Every structure is written in structure tokens, then in C-alpha cells.
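>>> Mind folding the following:
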Amino acid sequence: MKALSKYQAAAGKLTRTEKIGSGHYTKLTMKNLETGYPHLDAYAEARRSVAYQSMQLFYKNLRSERKKEWDRRVSTGGDVESGELDSSARDAVRCLEHAMVIVAGEKSIYRCVVSPTSSHTHDTLQIPLEYKYALVASYSSVCGVIIDRILDIIELFFVKDASLRNPVANSTALNEGTGLDGDSTSDGTSTSVTPSVRFAASAAAAGLRILDAVRMLGPSLAKLCEMASDKMQLRSAVSSAGSIMSKENSASLASNLCIAIHRMTVKNAGKALENLAIAVKKDPIDGEKFRPKDARVAAISSDVVRAIRIVSPFVNAYKSVTKRR
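Next comes the predicted model:
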């Protein structure tokens with residue numbers, strides 16, 4: 001019971017420990033679960049492997065299809081700069097939707113195969129609290145690896161595709177290297193290149209699109225990840241084991257990862273909007289070199305109008321960002 005309470009307490013302090021693009025966000029999801037019940041440990045290990053591969057295969061297929069579409073646009077001279085960002089954001093949303101499908105399936109399997117409540121002859125009062133807690137921990141471990149993967153996919157979009165760099169991120173996550181499937185995550189050292197207004201606007205709109213999806217799907221995903229039927233009893237059992245835990249720490253690993261998805265998306269969407277404002281301010285509009293000689297509309301005017309048009313549909317996501325940043 002003490003070992004399980006330590007595992008749960010650690011889940012309440014989630015930070016990125018793995019490199020962006022490596023396929024994992026935190027090393028907690030990669031640790032083998034030790035509940036004290038071998039059959040639950042074996043169940044968690046087997047289902048984690050299957051769920052991760054399902055998520056991984058779906059993501060690889062999306063990347064392959066997007067690359068083909070990208071090559072086609074390049075060959076036909078289409079809008080490659082903004083189109084690629086929008087396609088990447090849509091793929092991230094599709095991965096989030098697919099994660100919900102996988103978690104829902106795992107919940108059905110859990111209820112049918114593992115949970116003692118699937119039996120018609122069991123007596124709830126005779127089931128130890130330790131075993132109930134171990135059941136919840138095993139389910140959380142399975143769901144955690146799925147949420148962990150989608151968290152890395154979304155953050156990889158912001159870092160790689162939208163070219164956002166967070167100076168306060170974990171240094172181990174930003175070291176130069178190559179992530180999963182050749183995803184380069186090199187960062188670092190401070191090359192502060194101001195993006196064009198068009199690129200910054202596309203990145204901001206793509207970030208708000210993902211945030212919209214996280215806002216709508218996140219609560220449902222968190223609810224799917226929650227399996228504790230006797231929360232108050234479980235919390236009292238944890239406290240009796242000698243661990244004083246906060247409300248946040250008493251949530252499951254998967255639920256805490258769902259919260260981390262929202263926080264990370266809000267932070268990066270805010271950064272994308274800040275980059276858009278900086279790009280507009282620093283765009284060179286002074287001097288004869290950049291001033292149209294025949295009284296045409298300046299390029300920056302056209303770019304700013306376009307930026308407003310593509311960002312404005314995401315009003316609720318924008319409000320969600322401005323409340324926190």
C-alpha cells in the first residue's frame with residue numbers, strides 16, 4: 001500500500017523528463033507497475049504495449065499521408081507554408097480523438113476481464129481496499145501511456161512544426177537530437193529569428209485549433225481515464241498508509257496527464273500569439289525599400305488582415321488563453 005501511495009504521489013508532480021519527439025513525456029509511464037498482485041501487473045504490462053502500438057501506428061499513418069499531400073502541394077505550387085501547419089494541427093486533433101477511442105476500448109476490456117465487479121457472486125465488502133487501489137493503479141497505468149503519447153505528439157507540433165521554443169523547458173528535453181521517426185528536436189541555443197507574419201499567423205491559428213479540441217475533448221478523456229468508484233475510501237486508505245496527499249496528487253496518473261495536456265497547450269498557444277504580435281511589430285515597413293512605389297497595399301497590411309481572419313474563428317480558445325496569459 002505504501003509503494004502504491006508513493007507511485008500515486010509521484011504522478012501528481014508531472015514534468016517532462018523525456019526528449020520532445022522521443023515518444024514519451026514522463027518516465028513514470030514507462031515504469032513497470034508493482035501492485036503486489038502479479039496478475040494485475042501482467043495485465044497492465046500487456047495492455048500498455050498494445051495500446052501504445054495502436055496509438056503509434058495511427059500517428060505514423062497520418063504522418064505518411066501528410067507527407068504525400070505535402071509533396072503533391074509542392075509539385076503543384078500550392079500554399080505550402082500555411083497549409084502544412086494546418087494539416088499538422090488537424091492530425092494532432094485526430095490523434096487526440098483516436099486516443100479517446102483507445103481509452104474507451106481499454107475501459108471496456110478492464111471492466112470485463114480485470115474488475116472483480118464483473119463477477120455476479122463477489123461480495124464488495126470482502127474485497128480489500130489495497131486490491132481496489134491496485135485495480136485503479138493498473139487501469140491508470142494503461143491509460144497513462146496513451147495520454148503520455150498524445151501529449152508528446154501535441155508538444156512536438158508546437159516545437160517542430162510551429163517552431164516554438166520554450167526557454168524554461170527542461171534542459172534534457174531540448175538537447176539536440178533526433179526523436180521518434182527522425183523527428184529532429186534540436187534547439188537550443190538562442191537563435192532568435194523573428195518569423196514572418198504569415199507563418200506566425202498560421203502557427204497561432206493552428207495552436208488555437210488544437211486548444212479548441214483539447215478544451216472540448218479533454219474533460220471527456222479525463223472522465224474515461226477515471227475508474228475509482230470509491231474515491232473517498234481510497235484516499236483514506238492512502239492517508240492511513242502514511243502519505244499525506246493533496247487533492248491534485250490523489251488523482252490518477254492518467255488524469256494528471258490530461259491536466260498536463262491542457263496546461264501545455266494553453267502555454268504554447270499563448271506563445272504562438274505572442275510571436276504573431278512580435279512579427280507584426282518587427283516587420284520592416286519603414287523606408288523606401290519596403291514602401292510600395294505605386295500606392296499598392298503594403299504586404300504587412302495584407303498579412304495582418306489575413307492573420308485576423310484565420311485566428312478569429314477560435315474565439316473560445318483565444319479567451320481560454322487570455323485568461324491565463
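
>>> lowest-pLDDT helix or strand in the protein?
For the chain, using mean pLDDT, DSSP states H and E, the weakest element among its helices and strands is helix 231-240, scoring a mean of 48.

>>> Tell me where the longest helix sits in this protein.
When the chain is parsed with DSSP state H, its longest helix is helix 38-76.

>>> which strands and helices sit next to that helix?
Under the contact criterion of 3 or more C-beta pairs under 8 Å, 6 or more residues apart in numbering; DSSP states H and E, helix 38-76 touches helix 80-109, helix 129-156. In short, each C-beta sits where N, CA and C put it, glycine included.

>>> residues of the shortest one that come out buried?
Going back to what we said before, that points to helix 129-156. 129-130, 132-156 (16 or more other C-beta atoms under 10 Å).

>>> what angle separates that helix from helix 38-76?
On the basis of axes from the mean of the first three to the mean of the last three C-alpha atoms, to 10 degrees, helix 129-156 is oriented at 10 degrees to helix 38-76.

>>> For the stretch 51-200 of the chain, give me the ranges with low pLDDT.
Along the stretch 51-200 of the chain, the model assigns pLDDT under 70 to residues 77-82, 114-125, 165-192.

>>> so which of the helices and strands packed on helix 38-76 comes closest to Leu40?
Nearest to Leu40 among the helices and strands packed on helix 38-76 is helix 129-156; the distance by C-beta to C-beta comes to 4.5 Å.

>>> circling back: which is the next helix or strand following the least confident helix or strand of the chain?
The helix or strand immediately downstream of helix 231-240 is helix 253-282, counting by DSSP states H and E.

>>> Of all the residues in that following helix, which ones are buried?
Buried, per 16+ other C-beta under 10 Å, within helix 253-282: 253-262, 264-273, 275-276, 279-280.

>>> could you give me the average pLDDT of it?
Within the predicted structure, the mean pLDDT of helix 253-282 is 90.

>>> helices and strands around that helix, which ones?
For helix 253-282, the elements it packs on are helix 2-11, helix 129-156, helix 197-225, helix 299-311, helix 315-324, judged by 3+ C-beta pairs under 8 Å, 6+ apart.

>>> give me that answer again for 6 Å
Packed against helix 253-282, as judged by 3 or more C-beta pairs under 6 Å, 6 or more residues apart in numbering; DSSP states H and E, are the following elements: helix 129-156, helix 197-225, helix 315-324.

>>> when you compare where it runs with where helix 299-311 runs, what's the angle?
Taking the same axes, to 10 degrees, one finds that helix 253-282 is oriented at 160 degrees with respect to helix 299-311.

>>> Just want the angle from helix 253-282 to helix 80-109.
Using the same axes, to 10 degrees, helix 253-282 lies at 170 degrees relative to helix 80-109.

>>> quick one: Ala203 and Ala272 touch, right?
Yes. Distance between Ala203 and Ala272: 4.7 Å, which falls inside the contact criterion (C-beta atoms under 6 Å).

>>> joint contacts of those two?
Between them, Ala203 and Ala272 share the neighbouring residues Ala162, with contact defined by C-beta atoms under 6 Å, 6 or more residues apart in numbering.

>>> I figured Gly218 was touching Ala260, is that so?
No. Gly218 lies out of contact with Ala260 (C-beta under 6 Å); the separation is 10.5 Å.

>>> Correct me if wrong: His24 contacts Glu18.
Yes. Using C-beta under 6 Å, His24 makes contact with Glu18 at a distance of 4.4 Å.

>>> coming back round to it: for the helices and strands packed on helix 253-282, could you give me a markdown table that also reports distance to Ala162?
A markdown table is the format used below for the helices and strands packed on helix 253-282 (distance: least, C-beta to C-beta, whole Å):
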| stretch | distance to Ala162 |
| --- | --- |
| helix 129-156 | 10 |
| helix 197-225 | 4 |
| helix 315-324 | 14 |
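
>>> Grab the most central residue of this structure for me.
Centrality entry for the chain: nearest residue to the mean C-alpha point is Leu151, 2.4 Å, by C-alpha atoms, centre = their mean.

>>> so how many other residues sit close to the nearest residue to that one once chain neighbours are set aside?
Leaving aside its chain neighbours, Leu151 sits nearest to Tyr25 (4.5 Å; criterion: C-beta to C-beta, 6 or more residues apart in numbering). As a burial measure, the neighbour count of Tyr25 was computed by other C-beta atoms under 10 Å and equals 28.

>>> Noted, bye for now.
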